[in-house]
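> Predicted model follows, preceded by the sequence.
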Amino acid sequence: MGQQQKQFLSEWGFVVMLVVLCATLTALQYRWTGEVSRAEADKLRVGVTEDAQRFCGAFDATLLEYTTALLPNGETLTDQNRESIHTQLFQKWKSGNPRPIFRRLDVAVPAGNGTRLLEIAAEGTLSPAPWPPEWRALQQSFSNRGPPGPHFNRSPSGTLMEFPIFARNSNDRDARSERRRPAESEWMIFELDTNYLRNTWLPELAGRYLSPAGQDINDVVVKEVSSPGAVIYASRPEAVKNTEAPVRMRFNYQGRDPENLRGPGPENRWSLEVRPRPGALDAILSASRRRNLAVAVLLNGLILAAGLALIVHTRRSRQLAEAQMNFVANVSHELRTPLTVIRGAAHNLTRGVVHEPSQIKQYAGLIIQHAEQLGDMVEQVLQLAGAKKNQSAASRRPVAVAEILNEAIAATALDTRAALCELHLELPPSLPLVIGDAAALRRVFQNLITNAAKHGGEGGWIGVTAVSDEDGGVPIVEIQVADRGPGIPQKEMTEIFKPFFRGDLAQSRQIRGSGLGLSVVREIVLAHGGGISVRSENGHGTIFIVRLPASGPENLE
């Protein structure tokens, strides 16, 4: 088995191993993330009770805070300062930008055998108001309060709250014990705004405490305790029809502290019911697993891509190393021939083997010719390095394409004659100038013409043409160098501009070259902002096309 086959099998073995590893990791990650997701779902189920407690606690704490802030101190309250005290308390409470949870704020004051109602306006002032019909039971409880002492109204709906304000001293006595007992100097009445509760506050509390991570996995329903069919709030219309086992909890102490109730006090009036929404947790679990699977596939895909990129990079590095070794071998071979000729001619001259002036001149010509060949090789390597570094940018100036082509043709005359090729130049009467390094551009066309002579000389013809054109509205000059040789195999079309590359035909025919010429050409053309392409067909010759940006027209007749 050859070395290349072993390397190929080794690379594909590595790829297969990497694919199996990534697939295994993906499967394990999918399984593990499924277990984690199920554990997270169980945690959400267990935490519903604590979340419901926080929901109820937040509601009662806010309600207690608001009522406490608005209740006056009965020890300092008189008929004369009643309005000013309530106004101060209301304005101070309002400055804290509280939630608008109250529909009405009122004060009931004893008046003879009845009570008169004072409504707290938006500015905190007190103004007489008629008793609303829905407060009839509350009004009667004030009028028929019986013996002196605290009395609390038990609102079945939990939306109407009454707070007695006790005077400091009282002449009322308990008929049985003759002890003085506190009497009410007024009553504060708070009515909750059910629209605001239903549409704003309760949905916010449900979203904050009963929708973990923003997931609507629970149905939340708030009902009246005294009338279970009366729904205060439902998170969605279908929530009241949910038959799952609920987490049930009571709340709404009507603005009083359940741990410090004075007197009988009201019980909590509302019931919170939290039920898991059917299929919600399963949907979240499935979505989480799909998301985790996508992440796992992406990460393992990146690992696989990195492995493949490593293989490609290794292969390219190996190909480059092989090309460099071939370059060294080719250059060594190319250097050996002229050095051998130079060394042999020099020995013959120094040893006196050659005496005739004509022979001495011939040997001197051989030495010069092969020395120039060596110089050309060194210059070609330097040209490649200079083109990659764009060293010719400083010497660019407007140059005439016709002049460059004529000089390149003259410089390659020996090569074209040696290949028995007829060179045909066709130029229009005028061509735009191009900005560039004249010597570098001359090297481009000199190299293309030499290649046409070496590789396409069998056709006996080389054509060089130039025309002005446009590329996307930008004026350019297009130069073509064509031959009628055997052409370039299709498999080599993408390789010919790579450094050190030599085609199979060139190697089999032992055509002189180092594989750097077209690389130099490409780098020089790109450095001038142009482009180069090639068209070729087996048995029908090759055409190299160079496009250079034009700088302006010039008549070169």
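Cool, got the structure.
> just checking, what packs against the helix or strand where residue 338 lies?
Residue 338 is part of helix 280-350 when elements are defined by DSSP states H and E. Applying 3 or more CB pairs under 8 Å, 6 or more residues apart in numbering; DSSP states H and E, one finds that helix 280-350 makes contact with helix 3-46, helix 357-389. Every residue, glycine included, has its C-beta placed from N, CA and C.
> Could you tell me the least trusted of those?
Mean pLDDT is lowest for helix 3-46 among those, at a mean of 67.
> after it, next one along is what?
Downstream of helix 3-46, the first helix or strand assigned by DSSP H and E is helix 48-70.
> contacts for the next helix or strand after that next one?
On the C-terminal side of helix 48-70, the closest following helix or strand by DSSP H and E is helix 82-95. Here helix 82-95 makes contact (CB atoms under 8 Å, 6 or more residues apart in numbering) with 66, 69-73, 76-77, 105, 107, 109, 120, 123-126, 186.
> I'd like the distance from helix 82-95 to the chain centre, please.
Put simply, helix 82-95 sits 54 Å off its chain's centre (CA atoms, centre = their mean, to the nearest Å).
> ditto for stretch 236-251
Distance, centroid of stretch 236-251 to centroid of chain: 41 Å (CA atoms, centre = their mean).
> next one: stretch 208-219
Distance of stretch 208-219 from its chain centroid, counting by CA atoms, centre = their mean, is 28 Å.
> cool, and stretch 441-461?
Chain-centre distance of stretch 441-461: 51 Å, with CA atoms, centre = their mean.
> Return the set of buried residues in it.
Neighbour counts over stretch 441-461 (16 or more other CB atoms under 10 Å) mark 441-457, 459, 461 as buried.
> Which parts of this structure belong to which domain?
196-280, 390-552 (automatic domain parsing).
> Now do the longest one, average pLDDT.
Confidence over domain 390-552, taken as the mean pLDDT, stands at 82.
> How far does it sit from its chain's centre?
On CA atoms, centre = their mean, the centre of domain 390-552 falls 45 Å from that of its chain.
> Over to the shortest one?
For domain 196-280, the distance between its averaged C-alpha position and the chain's averaged C-alpha position is 41 Å (CA atoms, centre = their mean).
> Check the separation of the first and last residues in that domain.
Across domain 196-280, the terminal residues are separated by 28 Å (CA to CA, to the nearest Å).
> could you pull out the strands for the stretch 451-557 of the chain?
Using DSSP state E, counting those that start in this stretch, the strands found in the stretch 451-557 of the chain span residues 461-471, 474-483, 531-536, 542-552.
> Make a markdown table from these and add distance to residue 298 to it.
Shown next, in a markdown table, are those (distance: least, CB to CB, whole Å):
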| stretch | distance to residue 298 |
| --- | --- |
| strand 461-471 | 40 |
| strand 474-483 | 42 |
| strand 531-536 | 37 |
| strand 542-552 | 42 |
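> can you tell me which of these comes nearest to residue 162?
strand 474-483 (88.1 Å; CB to CB).
> What strands flank the closest one, and is each parallel or antiparallel?
When pairing is defined by DSSP bridges, strand 474-483 lines up against strand 461-471 (antiparallel), strand 542-552 (antiparallel).
> Determine which stretch of the ones you listed is the most buried.
Compared across the strands paired with strand 474-483, strand 542-552 shows the largest average neighbour count, a mean of 20 (mean count of other CB atoms under 10 Å).
> on that earlier part again, so among the contacts of helix 82-95, which ones count as buried?
66, 70, 71, 72, 77, 105, 107, 109, 120, 124, 126, 186.
> Can you tell me how far residue 482 is from residue 517?
Separation of residue 482 from residue 517 (CB to CB, to the nearest Å) stands at 17 Å.
> before we move on, the earlier item: of the strands of the stretch 451-557 of the chain, which approaches residue 199 most closely?
strand 474-483 (64.7 Å).
> Could you list the buried residues of that closest one?
For strand 474-483, using 16+ other CB under 10 Å, the buried residues are 476, 477, 478, 479, 480, 481, 482, 483.
> farthest-separated two in those?
476 and 483 (23.0 Å).
> Dump the buried ones among the contacts of helix 82-95 to CSV, plus distance to residue 422.
Output for these, formatted as CSV (distance: CB to CB, whole Å):
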residue, distance to residue 422
66, 106
70, 111
71, 116
72, 119
77, 124
105, 111
107, 119
109, 125
120, 113
124, 111
126, 118
186, 123
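> Identify the farthest-apart pair in those residues.
Those two in these that are separated most widely, counting by CB to CB, are 66 and 109, at 21.6 Å.
> Output the domains of the chain as a markdown table; include the columns distance to residue 18.
Output for the domains of the chain, formatted as a markdown table (distance: least, CB to CB, whole Å):
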| stretch | distance to residue 18 |
| --- | --- |
| domain 196-280 | 36 |
| domain 390-552 | 27 |
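> looking at those domains, which is closest to residue 354?
domain 390-552 (24.3 Å).
> Dihedrals phi and psi, the closest residue to residue 157 other than its chain neighbours?
Counting by CB to CB, 6 or more residues apart in numbering, residue 224 is the residue found nearest to residue 157 once chain neighbours are left out, at 5.7 Å. Main-chain torsions, residue 224, degrees, to the nearest 10: phi -80, psi 140.
> mind listing what residue 224 touches?
Per CB under 8 Å, 6+ apart, neighbours of residue 224: 156, 157, 158, 230, 232, 269, 270, 271.
> same check, this time on residue 106
117, 118, 119, 120, 129, 188, 189, 191.
> Next one: the closest residue to the last one other than its chain neighbours relative to residue 199, how far apart?
The reference is to residue 191. Among residues not flanking residue 191 along the chain, residue 104 sits closest, at 4.4 Å (CB to CB, 6+ apart). Distance, residue 104 to residue 199, by CB to CB: 18 Å.
> higher neighbour count, the two?
Higher neighbour count among residue 104 and residue 199: residue 104, with 15 against 11, using other CB atoms under 10 Å.
> quick one: which helix or strand includes the more buried one?
strand 102-111.
> do the same with residue 435
Assigned by DSSP H and E, residue 435 falls in strand 433-436.
> What residues of that strand count as buried?
433, 434, 436.
> now the helices for the stretch 151-300 of the chain?
194-196, 202-209, 280-350 (DSSP state H, counting those that start in this stretch).
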